[in-house]
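> Predicted model, plus sequence, below.
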Amino acid sequence: MSGEEGWVATVKDEPRSYQPPYDRRSGFNSRTGIYHSLVQLGEHEKIPTRPDLDTTTFVLSQFPHPKEAESRVALIDSATNSRVTYSQLRRSIDLLSAGLHHKLGIRKGDVVFVLSPNSLLYPTICLAVLSVGAVLTTANPLNTESEIAKQVRDSGAKLGIASPEEAHKLFPTGLPTLLTSRPSDDSTRSVEELIDGCDPVEVPKPGLHQSDNAAILYSSGTTGTSKGVLLTHANFISIMTLLKWSVDVTSSQNDVFLCFIPMFHIYGLAFFALGLFCSGVTTVLMQRFDFQAMLEAIQTHRVNNVPAVPPVILGLVKSNTDGYNLTSLRRVGSGAAPLNREVANGFREKFPWAEIRQGYGLTESCGAATFFVSDEEAKVRSGSCGRLLPSFSAKVVDFETGVAVPFCREGELWLKSPVVMRGYLGNEAATTATVDEDGWLRTGDLCYFDEDGFVYIIDRIKELIKHNGYQVAPAELEAVLLSHPHILDTAVIPVEDEEAGQIPMAYVVRPAGSELTEDQVIQFVASQVCVSPFSEVIKTITFVQICITNK
């Protein structure tokens, strides 16, 4: 470990300001226990610090030149082929901002609740809401009426904006609601009506500052039940600056991106509803995810870049895609959950012309923290989620002793960056438990850094299975199971056991018609553990209960 063997640094002793030197290979400072990003932003790439800059102003300032914006396509609806140019997008944002301010009286600090699947109007709604100084809160359209009502109350929403098919979930709350599209009976106002019926009048500047709240996004957080994550304009401006940098550094400026990630989620919001417009790219939009429709969209629109999640990548690896021309693919990204190396390697074998790179982030960090600059790095470091993005620092803290540990040792990942949330809405105890007084975000994720500064996320600390004194990571067991050719998907959970404390139980999905048995699965896992770095732990799979369902 290059002289770091046995080294520890107490978290409390960490100085408030960083002082070099640190290891240029790993980014690790042996004196402070802090990892620093190995990549620095250039002079013209730095995160803006102007106090009075807001999210929408920043995004619009990055739009293509007006002459180019007339023809450059920002959004394409994959189902209808409807298109929105950058100039049309700017105009719709301006008009909706005017309607929200002048006709509906929305002002700085008002919370606007958005309940809708992905649509061409979703980015317009988000940017217009932020433009008038209001605070955005988004919800999953699959949420129940009671879940919606709870979020409306907790966020203090003043106005709802909902798709026609989801609006009925908001009506019982009594929240004034604007539909996204015109209803057939014209009984309720709509976003489309406001845009079409407004004059392009100037909206008075709401006097926004980067420190003002911009969004309340609901997440289970690093622990516990759903909480409102408070994100500021500074958080969004920071993450969009980093996203623009990543598009530039990977030469993706002319790529066609595919969006099936829901825009209510931080991944979809930061990427597709806000951030990618700063790079002038074209996004093909899917209202909801459908595997066959995704393949058709890639083929029809010659999609180059697909930000995805592990189940989608697993589907690409294990499904028959021979009927589709996917040769336009240049890069597939993975986020929101760990991507195991077997699936990543399977993707590379099946689609050798396309890159696959894993990243890592949380709602509390605006959806980002790590990144791979090159596919060569990703190939060599299969299983890693990359290195720290510019502006990030990290610690790996032993969650039992509370001390920071050096590379190749496991602990809880702590992060610090301008993208880290302000806190949880109305929940000081949860905020204090998650973000310390020096701004370090406790992620709740078990990880380690290697000697070259690459991060490996093992699992959620709260999901570790305690078996006979071992801490078993479900993700490691799932990775072994997924390497079986007749296992489409799997999930491992803990089951209480009187003798062992807990034992892993695996739910296994097999192909239709498969005769895979429990004994065959157990024997397969037993045959694989000898090649695993966690062999002593994974041997406990021999005690697993297998619940097999057919797909």
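Received the coordinates, thanks. Numbers count the residues shown, from 1 in each chain.
> use CA for all of it now, contacts and neighbours both
OK.
> wait, isn't His233 in contact with Thr55?
Yes - using C-alpha atoms under 8 Å, His233 is in contact with Thr55, at 5.4 Å.
> residue ranges for the strands of the stretch 101-250 of the chain, please.
Counting by DSSP state E, counting those that start in this stretch, one finds strands in the stretch 101-250 of the chain at the ranges 111-115, 135-139, 157-162, 177-179, 213-219, 227-232.
> Sorry, wrong one. I was asking about the stretch 401-550 of the chain.
403-404, 411-416, 423-424, 441-449, 455-460, 465-467, 470-472, 489-497, 501-510, 545-550.
> Pick out the residue nearest the middle of the protein.
By C-alpha atoms, centre = their mean, the chain has its centre lying nearest to Tyr267, at 3.3 Å.
> Using the three-state scheme, assign it.
helix (DSSP: H, G, I helix; E, B strand; the rest coil).
> Name the nearest residue to it, ignoring sequence neighbours.
Gly367 (5.5 Å; C-alpha to C-alpha, 6 or more residues apart in numbering).
> residues contacting that neighbour?
The contact partners of Gly367, taken as C-alpha atoms under 8 Å, 6 or more residues apart in numbering, are Ile266, Tyr267, Ala270, Tyr360, Gly361.
> That one and Ser78: what is the separation?
25 Å (C-alpha to C-alpha, to the nearest Å).
> hang on, isn't Ser26 packed against Tyr448?
No - Ser26 is beyond contact range of Tyr448, at 11.9 Å (criterion: C-alpha under 8 Å).
> So for those two, which residue has more residues nearby?
Using other C-alpha atoms under 10 Å as the criterion, Ser26 and Tyr448 rank with Tyr448 on top: 25 against 19.
> Test of understanding: give the bridge partners of the more buried one.
Tyr456 (DSSP bridges).
> How about the contacts made by it?
Contacts of Tyr448 by C-alpha under 8 Å, 6+ apart are Val396, Phe407, Cys408, Arg409, Glu410, Gly411, Leu413, Val455, Tyr456, Ile457, Ile458.
> Name the SS class of Phe63, please.
Under three-state DSSP, Phe63 comes out as coil.
> that older thread, could you dump the strands of the stretch 101-250 of the chain to CSV with distance to Ser384?
Below are these laid out as CSV (distance: least, C-alpha to C-alpha, whole Å):
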stretch, distance to Ser384
strand 111-115, 35
strand 135-139, 31
strand 157-162, 39
strand 177-179, 43
strand 213-219, 24
strand 227-232, 27
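> Could you dump those into CSV and include mean pLDDT and distance to Pro390?
Shown next, in CSV, are these (pLDDT from 0 to 100; distance: least, C-alpha to C-alpha, whole Å):
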stretch, mean pLDDT, distance to Pro390
strand 111-115, 98, 31
strand 135-139, 97, 27
strand 157-162, 96, 35
strand 177-179, 94, 39
strand 213-219, 93, 22
strand 227-232, 95, 19
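> got the ones you listed as CSV, with mean neighbour count and distance to Asn254 columns?
As requested, the strands of the stretch 101-250 of the chain are exported to CSV (neighbours: other C-alpha atoms under 10 Å; distance: least, C-alpha to C-alpha, whole Å):
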stretch, mean neighbour count, distance to Asn254
strand 111-115, 27, 30
strand 135-139, 25, 30
strand 157-162, 21, 32
strand 177-179, 23, 34
strand 213-219, 24, 29
strand 227-232, 25, 30
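> Mind checking these for the one nearest to Asn340?
strand 213-219 (23.8 Å; C-alpha to C-alpha).
> for that closest one, the distance to its chain's centre please.
A distance of 14 Å separates the centroid of the chain from that of strand 213-219, by C-alpha atoms, centre = their mean, to the nearest Å.
> How about residues contacting that strand?
109, 130, 133-139, 155, 225-233, 265-266, 363, 425.
> buried stuff in the lengthiest helix in the chain?
Ordering each helix of the chain by length in residues (DSSP state H) puts helix 233-249 first. Under the neighbour-count criterion of 16 or more other C-alpha atoms under 10 Å, helix 233-249 has 233-247 buried.
> Near Leu516, how many residues? Count them for me, please.
16.
> which residues touch it?
Counting by C-alpha under 8 Å, 6+ apart, Leu516 has contacts His486, Arg510.
> Relative to Val509, how far out is it?
10 Å.
> So Arg422 versus Phe236, what's the distance?
12 Å.
> wait, Gly268
Taken as C-alpha to C-alpha, the span from Gly268 to Phe236 is 13 Å.
> Kindly report the same for Lys318.
Taken as C-alpha to C-alpha, the span from Lys318 to Phe236 is 36 Å.
> What of Arg182?
Taking C-alpha to C-alpha, one finds Arg182 at 31 Å from Phe236.
> Also Leu243?
For Leu243, the distance to Phe236 - C-alpha to C-alpha - is 10 Å.
> repeat for His44
Taking C-alpha to C-alpha, one finds His44 at 18 Å from Phe236.
> And for Leu170?
Leu170 is 27 Å from Phe236, by C-alpha to C-alpha.
> can you check Tyr448 too?
From Tyr448 to Phe236 the distance is 27 Å (C-alpha to C-alpha).
> ok, now Arg348?
33 Å.
> do Thr144 as well
Thr144 is 28 Å from Phe236, by C-alpha to C-alpha.
> shaky segments in the stretch 151-300 of the chain?
184-187, 220-225 (pLDDT under 70).
> Take the strands of the stretch 401-550 of the chain and lay them out in a markdown table including distance to Thr432.
A markdown table is the format used below for the strands of the stretch 401-550 of the chain (distance: least, C-alpha to C-alpha, whole Å):
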| stretch | distance to Thr432 |
| --- | --- |
| strand 403-404 | 18 |
| strand 411-416 | 14 |
| strand 423-424 | 8 |
| strand 441-449 | 10 |
| strand 455-460 | 20 |
| strand 465-467 | 26 |
| strand 470-472 | 27 |
| strand 489-497 | 29 |
| strand 501-510 | 30 |
| strand 545-550 | 39 |
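> Distance from the chain centre to stretch 102-112, please.
With C-alpha atoms, centre = their mean, you get 28 Å for stretch 102-112.
> Convert that stretch to CSV, retaining C-alpha atoms only.
The C-alpha trace of stretch 102-112 is given here as CSV (Å, rounded to 0.1, in the frame of the first residue of the first chain):
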residue,chain,number,x,y,z
HIS,A,102,-48.8,37.1,-14.7
LYS,A,103,-51.8,34.8,-15.0
LEU,A,104,-51.4,32.4,-12.1
GLY,A,105,-49.5,34.6,-9.7
ILE,A,106,-46.6,32.2,-9.0
ARG,A,107,-43.8,34.0,-7.2
LYS,A,108,-40.4,33.4,-5.7
GLY,A,109,-40.4,30.6,-3.2
ASP,A,110,-43.8,29.1,-4.2
VAL,A,111,-43.6,25.3,-4.6
VAL,A,112,-44.9,23.8,-7.9
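> can you list contacts of it?
100-101, 129, 132-137, 155-161, 203, 206, 208, 213.
> Go ahead and confirm Ala74 touches Ser279.
No - between Ala74 and Ser279 there is no contact under C-alpha under 8 Å: 10.1 Å.
> and the closest residue to Leu413 other than its chain neighbours, what are its phi and psi?
Of all residues not flanking Leu413 in the chain, Val396 sits nearest, at 4.9 Å (C-alpha to C-alpha, 6+ apart). When read as degrees, to the nearest 10, the backbone of Val396 gives phi -110, psi 110.
> now Val396: how far from Thr57?
Taken as C-alpha to C-alpha, the span from Val396 to Thr57 is 37 Å.
> Those two: which is more packed in?
In this view Val396 and Thr57 are compared by other C-alpha under 10 Å, and Val396 has more residues nearby, 28 against 14.
> Next one: that one, what pLDDT does it get?
As predicted, Val396 sits at a pLDDT of 95.
> For it, which residues are in contact?
Contacts of Val396 (C-alpha under 8 Å, 6+ apart): Ala404, Val405, Pro406, Glu410, Gly411, Glu412, Leu413, Trp414, Cys447, Tyr448, Phe449.
> what's the weakest-modelled helix or strand in this protein?
One helix or strand of the chain scores below all others by mean pLDDT, DSSP states H and E: helix 535-538, with a mean of 37.
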